[in-house]
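Visitor: below are the sequence and a predicted model; questions follow.
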Amino acid sequence: MSTIIANQQYGKDKVRLVKVTRLPPDPAAPHLKHQIVTELTVRVLLSGDFDASYEKADNSLVVPTDTVKNTIYILAKKSSNPTLQTPELFARELSLHFLSKYSHISSVDVLIESHNWTRIQTTTFSPVSSSSTGTAFPTTTTTKEHPHSFYRAGEDKRVVRLVGTRTSEPGKTLSVRYTLTSGLKDLYVLKTTGSSFENFHKCENTTLPEMADRIFSTNIDATWSYGPLIETVGSGKSHYEGLNFDKFFAGVKQMTLDIFANHDSPSVQNTLYRIGDTVLKCFREVAEVSFVLPNKHAFLYDLERFGLPNKGDEAEVFYPVADPSGYISATITRKQAHL
Ligand SMILES: O=c1[nH]c(=O)c2[nH]c(=O)[nH]c2[nH]1
């Protein structure tokens with residue numbers, strides 16, 4: 001006989017949902033329909049007393065993955081964070097729902113990706129005629145946020161992974177220990193200078209030249225965690241309450257962009273470290289932060305063959321390659337004071 005020892009989880013993956021929130025009309029412009037949109041991709045995996053379903057084909061305790069999917073949509077409708085714009089809060093609602101409704105579930109693993117729908121700024125164009133040519137050039141006059149139209153600003157996503165584990169006896173007041181990481185994914189950035197890679201290790205296998213100036217392009221994944229989070233339902237005691245997740249997300253994204261842009265990078269490794277160090281200095285609540293920064297290479301195209309200079313200060317034409325890329329990652333935390 002065999003036995004299950006790990007990874008006993010099942011549930012629904014890639015559940016896609018869009019939620020539209022209708023805001024109350026503005027008395028000054030009641031005809032405008034002010035709305036908010038949130039698009040999420042959700043995975044919910046359950047663990048618990050399910051060995052019999054794997055080992056004995058006994059489905060009596062198996063909450064169908066179809067029910068899991070329905071529950072995601074039902075809670076999206078009923079959420080007390082109605083816009084779903086803070087995915088950490090929706091993840092907690094999902095986790096608490098499954099743990100409180102099904103006493104044989106011991107742990108709920110929720111993964112949410114929130115897609116980057118950004119409100120469109122519309123502009124009123126006033127055509128201006130050029131006196132010499134008579135051509136009409138559009139010049140902008142006013143810009144305003146559109147009440148209900150959005151564009152996908154990028155493939156970057158806000159991500160949350162929450163594992164809620166029951167710490168109380170089934171049937172008693174529910175206490176939960178959460179492991180929570182927030183993050184951002186696929187933040188694709190590029191700088192055309194202000195990046196170098198020099199004085200690296202060399203051996204007979206090395207062909208890479210010293211690079212005093214290069215393109216730096218990467219697709220950033222960052223995740224950060226908050227230390228232990230514990231909640232006893234109904235007690236008013238929850239570590240979750242005091243955390244401003246939107247502030248952390250906006251802050252980490254902005255710090256990442258600022259340091260990427262402003263720091264003269266001697267290597268991807270050092271830029272990664274500087275971003276992490278800044279996040280930990282600015283946000284005491286963040287216990288550790290992890291990054292994955294693929295180094296997406298763009299090589300100089302050899303135009304010398306055609307008598308065209310394309311090196312050093314005259315380097316202008318490059319060819320970006322999808323594969324292979326460098327892969328630079330690290331998890332960073334505060335140094336412990338020595339006792
Ligand atoms: O920033 C870099 N780090 C590396 O480790 C590396 N290796 C490489 O070939 N190019 C680069 N660039």
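Guide: Noted; the coordinates are in hand.
Visitor: next structured bit after whichever strand or helix holds residue 46?
Guide: Assigned by DSSP states H and E, residue 46 belongs to strand 35-48. For strand 35-48, the following helix or strand on the C-terminal side (DSSP H and E) is helix 51-55.
Visitor: tell me which residues are up against that following helix.
Guide: 3-4, 8, 58-62 (Cβ atoms under 8 Å, 6 or more residues apart in numbering). Where you see a C-beta, it was placed from the backbone N, CA and C, and this is true even at glycine.
Visitor: low pLDDT regions in the stretch 201-339 of the chain?
Guide: The stretch 201-339 of the chain contains residues with pLDDT under 70 at 338-339.
Visitor: what parts of it come near the ligand?
Guide: Proximity of the stretch 201-339 of the chain to the ligand (Cβ under 6 Å from any ligand atom) is limited to residues 208, 267-269, 295, 326.
Visitor: what's the most distant pair in those residues?
Guide: The most widely separated members of those are 208 and 269, with 15.0 Å between them, by Cβ to Cβ.
Visitor: which of the two has more neighbours?
Guide: Each of residue 208 and residue 269 has its neighbours counted (other Cβ atoms under 10 Å); residue 269 has more, 16 against 8.
Visitor: please identify the helix or strand for that one.
Guide: Here residue 269 is assigned to helix 268-282, by DSSP H and E.
Visitor: just the CA atoms of the next helix or strand after that helix, as CSV, please.
Guide: Sequence order places strand 288-295 as the next helix or strand after helix 268-282, per DSSP H and E. Only the C-alpha atoms of strand 288-295 are listed here, as CSV (Å, rounded to 0.1, in the frame of the first residue of the first chain):
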residue,chain,number,x,y,z
GLU,A,288,11.2,40.2,3.4
VAL,A,289,11.1,40.9,-0.3
SER,A,290,12.0,38.7,-3.2
PHE,A,291,12.7,39.6,-6.8
VAL,A,292,13.2,37.8,-10.1
LEU,A,293,14.8,40.0,-12.8
PRO,A,294,15.5,38.3,-16.1
ASN,A,295,18.2,40.1,-18.0
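Visitor: quick one: list the elements packing against strand 288-295.
Guide: Judged by 3 or more Cβ pairs under 8 Å, 6 or more residues apart in numbering; DSSP states H and E, strand 288-295 is in contact with strand 216-225, helix 268-282, strand 326-333.
Visitor: which elements pack onto the second one?
Guide: Going back to what we said before, that points to helix 268-282. strand 216-225, helix 245-262, strand 288-295, strand 326-333.
Visitor: which residues are contacting the last one?
Guide: Right, strand 326-333. Residues contacting strand 326-333 (Cβ under 8 Å, 6+ apart): 268-269, 272-273, 276-277, 280, 287-295, 297.
Visitor: whichever of those residues end up buried, select them in ChimeraX.
Guide: Applying 16 or more other Cβ atoms under 10 Å to the contacts of strand 326-333, the buried members can be selected in ChimeraX as follows:
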select :268,269,272,273,276,280,288,289,290,291,292,293,294,295,297
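Visitor: which stretch of helix or strand covers residue 201?
Guide: Counting by DSSP H and E, residue 201 is part of no helix or strand.
Visitor: got the contact list for it?
Guide: Per Cβ under 8 Å, 6+ apart, neighbours of residue 201: none.
Visitor: one more: residue 35?
Guide: Taking Cβ under 8 Å, 6+ apart as the test, what residue 35 contacts is 20-23, 147-148.
Visitor: how about 6 Å then?
Guide: Residues in contact with residue 35, defined by Cβ atoms under 6 Å, 6 or more residues apart in numbering, are 20, 22, 148.
Visitor: quick one: which of the residues you listed is most hemmed in?
Guide: Neighbour-wise, the contacts of residue 35 (other Cβ under 10 Å) top out at residue 148, 15 neighbours.
Visitor: residue 244 versus that residue, what's the distance?
Guide: 27 Å (Cβ to Cβ, to the nearest Å).
Visitor: residue 271 now?
Guide: In terms of Cβ to Cβ, residue 271 sits 26 Å off from residue 244.
Visitor: dump the helices and strands packed on helix 268-282 to CSV, plus distance to residue 175.
Guide: Below are the helices and strands packed on helix 268-282 laid out as CSV (distance: least, Cβ to Cβ, whole Å):
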stretch, distance to residue 175
strand 216-225, 20
helix 245-262, 22
strand 288-295, 24
strand 326-333, 27
